[in-house]
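Student: How does the following fold in three dimensions:
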Amino acid sequence: MRVYAYLRASTKEQDALRAKETLSEFAQNLNVKISAWFIENESGAKLERAELFRLLDTAEPGDAILIEQIDRITRLSEEDWHKLKSTILDNGIKVISMDLPTSYNFSKIDDEFQKWILSAVNSMMLDILAATARKDYTDRRRRQAEGVLKAKIQGKYKGRPHDIELHKKIQSLLDVGKSYSQIQHLLGCSRHTISKVKNK
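Tutor: Just a heads-up that it's a prediction; the model follows:
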């Protein structure tokens, strides 16, 4: 079994590599080797994610996706989650998540019946955690929208603030001649953000 680690952050300004060390230690504790890392900055509410599907294209039956939490692969609607889950399971790929013990306890069980039961429980827990991740996503979006509306009514809404420190770092790297790709790699930000800083 080959294990592929998947790291995701929702926006370009967030650090998708935040959990890399934690996942590495977790893999060592499971006595498994991470064959490759797939890292991207995309919303978990979006089904089409380039790196996630590149991982799924790379993986073969019996291989596994290693994640920190279920919400790293899904904050999807029920319909989109079932599409993704079918793609994963129909290809014989396992999901190993740190927040789902049933996903990594198979190796400790020899009895075929117990494995079958654990597999059924694991599938159910995946659905529950996927639904929880989606609810958390929609609740946060609703609260944000309510907060923005309240601020607009009170005349206090100023839009999304710029990340001043990030902009300073981008400007410094532009000043020393770094390319957009080099800055993206170093800071994990988007080309749009770099372009905005350059044009200022």
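Student: show me the contacts for residue 94.
Tutor: Contact partners of residue 94, counting by Cβ atoms under 8 Å, 6 or more residues apart in numbering, are 1, 62-65, 103, 106. Yep, even glycine has a C-beta here, placed from its N, CA and C like the rest.
Student: Out of those residues, which is nearest to residue 175?
Tutor: Here the nearest of the contacts of residue 94 to residue 175, counting by Cβ to Cβ, is residue 65; it sits at 40.2 Å.
Student: Which secondary structure state does that closest one sit in?
Tutor: strand (DSSP: H, G, I helix; E, B strand; the rest coil).
Student: low pLDDT regions in the protein?
Tutor: 106-110, 114, 157-162 (pLDDT under 70).
Student: now the strands for it?
Tutor: Taking DSSP state E as the criterion, the chain contains strands spanning 3-9, 34-41, 64-67, 94-97.
Student: which one of those is the most hemmed in?
Tutor: Most buried of the strands of the chain by mean neighbour count (mean count of other Cβ atoms under 10 Å) is strand 64-67; its value is a mean of 24.
Student: Partner strands of it and their direction?
Tutor: The strands that strand 64-67 pairs with in its sheet are strand 3-9 (parallel), strand 94-97 (parallel) (by DSSP bridges).
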